[in-house]
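**Q** output the structure for:
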Amino acid sequence: MNMSEQLKQIYEAEQYIRERISFAPEVALVLGSGLGILDELMEDTTVIPFSEIPHFPVSTVEGHAGDLIIGKIQGKPAIMMKGRFHLYEGYDVKIVTLPIRVMKRLGVKSLLVTNAAGGVNTSFEPGDLMLIEDHINLTSMNPLIGRNENELGVRFPDMSEAYSRRLRQIALEKAKENGFTLKQGVYFGLSGPNYETPAEIRMIRMLGGDAVGMSTVNEVIAARHSGIEVIGISCISNMAAGILDQPLSHQEVMETTEKVKQTFLDFVVSIIPEL
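**A** Take a look at the predicted model:
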C-alpha cells in the first residue's frame, strides 16, 4: 500500500466519523485486552462500530470489542478505541495504525495507550500497573516504512521521548495520590500470537525489557510521527514464560484485568484531565 492510498483511507475514515460527531476530541484512548471497561466513564457518547468505518478492520480477539466511542471524560472531549488491531491477526502495520492517523486528523493531541502484558521483571506481580518509560520494537514491522508523506509527519521522527516525560510525572503523582505503587519499566513488543518461550523471555530480560506484549509499539511510533503526546500503561496480567513454571493462557489475562478494574479506572480518571 503506497502512501497516497494510505492518505485516501485516512481522509475517508475521518470524514465518516466527523459527520457523526458534534465536537473535536482532544484525548484518545486505545484499550488493551480486558481493559475496555473505561467506556463506563464516558458521557454524551456516540458509538460507531469499527465495521461501519471505511477501511477499519474488525478486531477478532476475545476481550477486544470493536467500537469507536466518542464522548467526554471528566468534561474532556475524548475518543476511545474499545478494542484494537494486531499484526498477528494478519493486518498490515499501516492498517493497525490507521486509527491513530484518523484520530490525529480529528483533533487529538494526546494518547493514552493501554495493554495487558506479561511481567518479565521478576519483582512484578500479576495485577501490577506499569507506567511505560520506553519500548523496544521487535515486531519486525514499522508503520513509517515506505515513502514519507510530509502531511503525516517528518521522514525521521525523534523517538528519544516516545512516552512523554511530562505525562509520566503526572501519572506517578496521581498514583501516589490514589494510594498505590505504579511500577515503571520498558515494554518489549513482539508480533505474537504465541506466547514467548522461556528462552525468549531470558533474552528480553537481558535486553532490558520489563514487560512483554503483542501491541502498542507501532501505534506509538505512528502517534509520535503525528506529533501526538503519548502516555502508556501496562496491566501486568501474568508472569512471562518460565518465571513461574506454569503454562500461560488468555483466560488468565482476562481474569487478572478484571481484578484490577477499579484501581485502573480510578487511576485513569485522575489522569485524563491532565492530558
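
**Q** distance from the chain centre to the worst-scoring helix or strand of the chain on mean pLDDT, please.
**A** None of the helices or strands of the chain scores lower by mean pLDDT, DSSP states H and E than helix 250-259, at a mean of 73. Taking CA atoms, centre = their mean, to the nearest Å, one finds helix 250-259 lying 17 Å from the centre of the chain it belongs to.

**Q** extract the C-alpha set from it and format it as CSV.
**A** The C-alpha coordinates for helix 250-259 follow below in CSV (Å, rounded to 0.1, in the frame of the first residue of the first chain):
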residue,chain,number,x,y,z
HIS,A,250,-5.6,-15.7,27.6
GLN,A,251,-8.1,-16.7,30.2
GLU,A,252,-5.6,-15.7,32.9
VAL,A,253,-5.0,-12.4,31.2
MET,A,254,-8.8,-11.6,31.3
GLU,A,255,-9.2,-12.7,34.9
THR,A,256,-6.3,-10.5,36.1
THR,A,257,-7.5,-7.4,34.3
GLU,A,258,-11.0,-7.9,35.8
LYS,A,259,-9.4,-7.9,39.3
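
**Q** helices or strands up against that helix?
**A** strand 110-119, strand 229-239 (3 or more CB pairs under 8 Å, 6 or more residues apart in numbering; DSSP states H and E). All C-beta atoms are positioned from the backbone trio N, CA, C, and that covers glycine.

**Q** out of those, flag the one nearest residue 160.
**A** strand 229-239 (12.9 Å; CB to CB).

**Q** sheet-wise, list the partners of that closest one with their directions.
**A** strand 110-119 (parallel), strand 129-137 (antiparallel) (DSSP bridges).

**Q** can you redo the helices and strands packed on helix 250-259 as CSV with mean neighbour count and distance to residue 199?
**A** Below are the helices and strands packed on helix 250-259 laid out as CSV (neighbours: other CB atoms under 10 Å; distance: least, CB to CB, whole Å):
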stretch, mean neighbour count, distance to residue 199
strand 110-119, 26, 14
strand 229-239, 24, 16
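
**Q** got the contact list for stretch 89-103?
**A** Contacting residues not belonging to stretch 89-103 are listed as 1, 6, 9-10, 13-14, 17, 25, 28, 30, 55-57, 59-61, 68, 79, 81, 84-87, 111, 139, 141-143, 145-146, 152, 218-219, 221-223, 226, 228 [CB atoms under 8 Å, 6 or more residues apart in numbering].

**Q** check which residues of that stretch are buried.
**A** Buried residues in stretch 89-103, counting neighbours by 16 or more other CB atoms under 10 Å, are found at 89, 91, 93-103.

**Q** residue 133 contacts residue 182, correct?
**A** No. The criterion here is CB atoms under 8 Å, and residue 133 misses it with residue 182 at 11.1 Å.

**Q** neighbour count: these two, which is higher?
**A** Set residue 133 next to residue 182 and count neighbours by other CB atoms under 10 Å: residue 182 wins out with 18 against 15.

**Q** now the more buried one, nearest residue through space, not along the chain?
**A** Computed as CB to CB, 6 or more residues apart in numbering, the closest residue to residue 182 that is not its neighbour in sequence is residue 175, at 3.6 Å.

**Q** show me the helices in the stretch 51-200 of the chain, by range?
**A** With DSSP state H, counting those that start in this stretch as the criterion, the stretch 51-200 of the chain has helices at 93-96, 98-106, 165-178, 198-206.

**Q** now what about the helix or strand encompassing residue 224, what contacts it?
**A** When elements are assigned from DSSP states H and E, residue 224 belongs to helix 217-225. For helix 217-225, the surrounding residues in contact (CB under 8 Å, 6+ apart) are 30, 84, 87, 93, 96-97, 100-101, 104, 111, 113, 135-137, 139, 141-144, 152-154, 157-159, 162-163, 187, 189, 230, 232.

**Q** done for today, thanks.
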